[in-house]
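Peer 1: Fold the following and give me the result.
(one chain, ligands or ions: 2)
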Amino acid sequence: MQNILEICAELIFFVLTFYFFFSGAERGLGPVVLNYDQCTSMNITNNGHSVVVQFDDSDDRSVIQGGPLDNPYRLKQFHFHWGEKGCHGSEHTVAGNSYASELHLVHWNAVKYKTFGEAATAPDGLAVLGIFLETGDDHRWLHVITDALYMVKFKVSTTVNCFNPKCLLPSSLHYWTYLGSLTTPPLHESVIWIVVSKTKISFSMQLGKFRMLLFTGEEEDQRIRMENNFRPPQPLKGRKVRSSI
Ligand SMILES: NS(=O)(=O)c1ccc(C(=O)NCC(F)(F)F)cc1
Ligand SMILES: [Zn+2]
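Peer 2: Ligands and ions are numbered 1, 2, ... in the order given. Okay, the predicted model is just below:
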């Protein structure tokens, strides 16, 4: 009799564990893992909206995976958003506080979609890692990017080889994640946002170098300083924001 009760208790325990594990409500968010190759960066471009470092995304040498992602997403580019002064310039806020700038590492789901353009219109097409930048001591590796900015003051492109953006990331990637959109037109709702809570990059003189970029091309008469290229946060509208811990 005793054995039968023990077997029943174990069976109930197993069923409940199985249910909770697969119910999703209890399934925690694991760590985000970045596997970036040392040398897939190609160029840095002033595209008239931001400054973008583009990567060779012809294979899976540089990918992000884990966390809320069901498969690896390929690194396509990273870019920045910033303000003209103070701590305004980020596109996300934490408890209502904004930061001077925000770095976006843009990845696309090459497992499900053939091209970036196709992925950019699909709800699970893109994964963007957002990192806040704040004013403080200059960042030792950000110099590689900010020292190249004078070459892309106007709307031009120049080569950047072997820049691994992992050096720009905080050691602990505690993050918030939600399903959102591109922050620039056409605002496709195709982004799995992963916003890192710990600001890592601090810069002060370096921020000034972003602010000397121009929205305009060399051949244009007007010289319009590139700043405030950020979209303010939008209403959540019922979106669920999950935390990694
Ligand atoms: N600021 S953001 O949300 O990370 C951001 C990331 C990528 C793009 C982009 O590639 N737009 C071109 C596209 F996809 F054809 F529409 C725009 C915004
Ligand atoms: Zn962005």
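Peer 1: rest of the way, CA atoms for contacts and neighbours
Peer 2: Will do.
Peer 1: Make sure I have this right: Ile12 is in a strand.
Peer 2: No: when the secondary structure is assigned by DSSP: H, G, I helix; E, B strand; the rest coil, Ile12 falls in helix instead of a strand.
Peer 1: Tell me, how many residues neighbour it?
Peer 2: Around Ile12 sit 12 other residues, with neighbours defined as other C-alpha atoms under 10 Å.
Peer 1: any idea which residue sits dead centre in this protein?
Peer 2: Nearest to the geometric centre of the chain sits Leu129, at 1.8 Å (C-alpha atoms, centre = their mean).
Peer 1: In this protein, what residue lies closest to ligand 1?
Peer 2: Leu182 (3.4 Å; C-alpha to the nearest ligand atom).
Peer 1: Make sure that residue is actually in contact with Ile192.
Peer 2: No: Leu182 is beyond contact range of Ile192, at 9.8 Å (criterion: C-alpha atoms under 8 Å).
Peer 1: Who has more neighbours out of the two?
Peer 2: Under the criterion of other C-alpha under 10 Å, the comparison of Leu182 against Ile192 puts Ile192 first, with 23 against 18.
Peer 1: I'd assumed that one was in a helix, is it?
Peer 2: No: inclusion of Ile192 in a helix is not indicated when three-state DSSP is applied; the result is strand.
Peer 1: what does this structure put close to ligand 1?
Peer 2: If contact is defined as C-alpha under 6 Å from any ligand atom, the residues of the chain in contact with ligand 1 are His104, Val106, Gly117, Ala120, Val128, Leu182, Thr183, Thr184, Pro186.
Peer 1: who wins for neighbours among these?
Peer 2: Within the residues of the chain next to ligand 1, neighbour counts (other C-alpha under 10 Å) peak at Val128, which reaches 26 neighbours.
Peer 1: elements contacting the one helix or strand that one maps to?
Peer 2: Element membership for Val128, per DSSP states H and E: strand 126-134. Packed against strand 126-134 by the contact rule (3 or more C-alpha pairs under 8 Å, 6 or more residues apart in numbering; DSSP states H and E) you find strand 101-108, strand 191-196, strand 201-202.
Peer 1: Need those in CSV (columns: mean pLDDT).
Peer 2: Converted to CSV, those look like this (pLDDT from 0 to 100):
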stretch, mean pLDDT
strand 101-108, 97
strand 191-196, 98
strand 201-202, 65
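Peer 1: Of all the ones you listed, which one comes closest to Ala95?
Peer 2: Evaluated over the helices and strands packed on strand 126-134, closeness to Ala95 peaks at strand 191-196, with 13.3 Å, by C-alpha to C-alpha.
Peer 1: What lies in contact with that closest one?
Peer 2: Strand 191-196 is contacted by residues 68, 120, 123-132, 173-182 when judged by C-alpha atoms under 8 Å, 6 or more residues apart in numbering.
Peer 1: Only whichever of those residues are buried, select them in PyMOL.
Peer 2: Filtering the contacts of strand 191-196 down to the buried ones (16 or more other C-alpha atoms under 10 Å) takes a single PyMOL command:
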select buried, resi 68+120+124+125+126+127+128+129+130+131+132+173+174+175+176+177+178+179+180+181+182
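Peer 1: For this structure, just list every one of the strands.
Peer 2: In the chain, the strands defined using DSSP state E lie at 32-35, 41-46, 51-55, 63-66, 73-82, 101-108, 126-134, 157-159, 175-180, 191-196, 201-202, 242-243.
Peer 1: tell me which of the residues of the chain next to ligand 1 is nearest to Phe18?
Peer 2: Sorting the residues of the chain next to ligand 1 by how near they are to Phe18, with C-alpha to C-alpha, puts Val128 at the top with 31.9 Å.
Peer 1: For the closest residue to Tyr99 other than its chain neighbours, give its distance to Phe116.
Peer 2: Ranked by C-alpha to C-alpha, 6 or more residues apart in numbering and with sequence neighbours excluded, the top spatial neighbour of Tyr99 is Cys87, at 4.6 Å. Spatial separation of Cys87 from Phe116 under the definition C-alpha to C-alpha, to the nearest Å is 32 Å.
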